[in-house]
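Engineer: Have a look; sequence and predicted model below, questions after that.
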Amino acid sequence: MRKFLASLKGLLLCLVILSTGCQNQEVIEDYNFKDDFEYKTSEPSNRLSMITAGDALIHSSVYQDAFISGDSYDFKKMIPSIKNMISSYDLKYYNQETIIGGKDLGVSTYPCFNSPDEIADAMLDAGFNIVSLANNHTLDRGEKAILYSTQKYWPTKEAMVAGSYDSFANRDKIQVKEMNGIKYTLLSYTTTTNGLKTGAGKEYLLNVYDKEQVKADIERVRPYTDVIMVAMHWGEEYTATPVNNQKEIAKYLADLGVNVVIGTHPHVIEPVEFIGDTLVIYSLGNFISAQIGIDRLVGDMVSYDIVKEPDNSIKIENVKAHLIYTYYNNFRNYYVYPFTELNDSILPNYLSLYDKYSDIIKMYDDTIEVAPLA
């Protein structure tokens, strides 16, 4: 191309000389070829990097280990390695499984959770800026806890949150943010509520999955955003293979043009795959918890790039799974490790476990990359 342009420049120069005569040669030497002919490369793509984490499931031993004095807690000491790991990403998502319902209600554990504000403070301090609030424990402590969460806690933070609200007006408000020239939003739903109900006329307290409502939500926000992400709290607990309901919902969301589906609830890792152009993460497992058993203590953090092409189409690229592990000793000294920081004294046979969970993640799509240990 460059040789062609040089030849073309010479041809145009000769034509100018022939038409103007040698007396204008001084003017010709100052002739700026680029003023009349300039080729342009394609416009650069806009790009966002994102990483997603699973359930922050705060049992009593976790908040007791974080206890300082009075009603103060420090969870930051449990996740500095994760803070360092995710620092370079633009968007960072997690599921706040246990409600931040206000200490006036008293902090509480399973089966009806209420967590100290400080766990969410620690997650935000680590850099998380997109949070799902719709899950089977959202209604654990009733409307009062939800109103504290949606009116007093989260509105004072910079994070994008979705899934639980204090009114229909706020539920239906279009929430879009922009970074690096890409507009994005999060919608969040749960398929299970542990049998708890919002009460008639207060369905806004929790987004319970409904096909028609989801379709309406997507259609309402689509004109204002480039990227639609849907957080789905779904599936069967402690099952590494997605159940039919998950697969059906994933296909439905893909058909509606959702770009990314982020799954939680099973508390164990499930596969990652593309359905058409839609990235589906069936289950990230736990981010932090006091559950018992390696499968429930090993989680997944999935990273990817969101790319907006010059024609405004969206692509999801560079998908990579990062294994993490919640360590504790006699239900104390909680610490979340990336697998890259493990050894056999922290987690025996961690190399074999890396292979096991890599196989699960790649069960449906062997092109999904699992971050290497070294």
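Structural biologist: Now that the structure is in, tell me what you want to look at.

Engineer: Identify each buried residue in stretch 47-54, please.
Structural biologist: Using 16 or more other Cβ atoms under 10 Å as the test for burial, stretch 47-54 gives Arg47, Leu48, Ser49, Met50, Ile51, Thr52, Ala53, Gly54. Backbone N, C-alpha and C define where each C-beta goes, glycine included.

Engineer: Mark which of those residues are part of helices, please.
Structural biologist: The helices, defined by DSSP state H, take in nothing from the buried residues of stretch 47-54.

Engineer: Check the residues you listed and tell me the two furthest apart.
Structural biologist: Among those, the pair separated by the greatest distance (Cβ to Cβ) is Arg47 and Gly54, at 24.6 Å.

Engineer: and the longest strand along the chain, average pLDDT?
Structural biologist: The strand spanning the most residues in the chain, taking DSSP state E as the definition, is strand 314-329. Mean per-residue pLDDT for strand 314-329: 98.

Engineer: Quickly run through the sheet partners of it, with directions.
Structural biologist: Strand 314-329 has the following strand partners under DSSP bridges: strand 298-308 (antiparallel), strand 332-338 (antiparallel), strand 369-370 (parallel).

Engineer: Can I get these in TSV including mean neighbour count and mean pLDDT?
Structural biologist: Below are the strands paired with strand 314-329 laid out as TSV (neighbours: other Cβ atoms under 10 Å; pLDDT from 0 to 100):
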stretch	mean neighbour count	mean pLDDT
strand 298-308	23	98
strand 332-338	18	98
strand 369-370	18	98
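
Engineer: would you list those in a markdown table and tack on distance to Arg141?
Structural biologist: A markdown table is the format used below for these (distance: least, Cβ to Cβ, whole Å):
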| stretch | distance to Arg141 |
| --- | --- |
| strand 298-308 | 25 |
| strand 332-338 | 23 |
| strand 369-370 | 37 |
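
Engineer: Specify the stretch among these that is closest to Val161.
Structural biologist: Here strand 298-308 is closest among the strands paired with strand 314-329 (Cβ to Cβ), at 19.1 Å.

Engineer: starting at the chain centroid, how far to that closest one?
Structural biologist: 7 Å (Cα atoms, centre = their mean, to the nearest Å).

Engineer: Show me the domain layout of the chain.
Structural biologist: For the chain, automatic domain parsing gives the domain ranges 2-36, 46-370.

Engineer: Compare the mean pLDDT across those domains and name the weakest.
Structural biologist: Here the lowest mean pLDDT among the domains of the chain goes to domain 2-36, at a mean of 36.

Engineer: which residues of the stretch 1-150 of the chain fall in helices?
Structural biologist: 2-20, 25-29, 33-36, 60-66, 80-86, 117-126, 142-147 (DSSP state H, counting those that start in this stretch).

Engineer: Looking at the buried residues of stretch 47-54, which is nearest Ala374?
Structural biologist: Using Cβ to Cβ, Ile51 is the member of these that lies nearest Ala374, at 19.9 Å.

Engineer: What segments of the stretch 201-350 of the chain are strands?
Structural biologist: Counting by DSSP state E, counting those that start in this stretch, the stretch 201-350 of the chain has strands at residues 227-233, 260-264, 272-275, 278-281, 286-288, 298-308, 314-329, 332-338.
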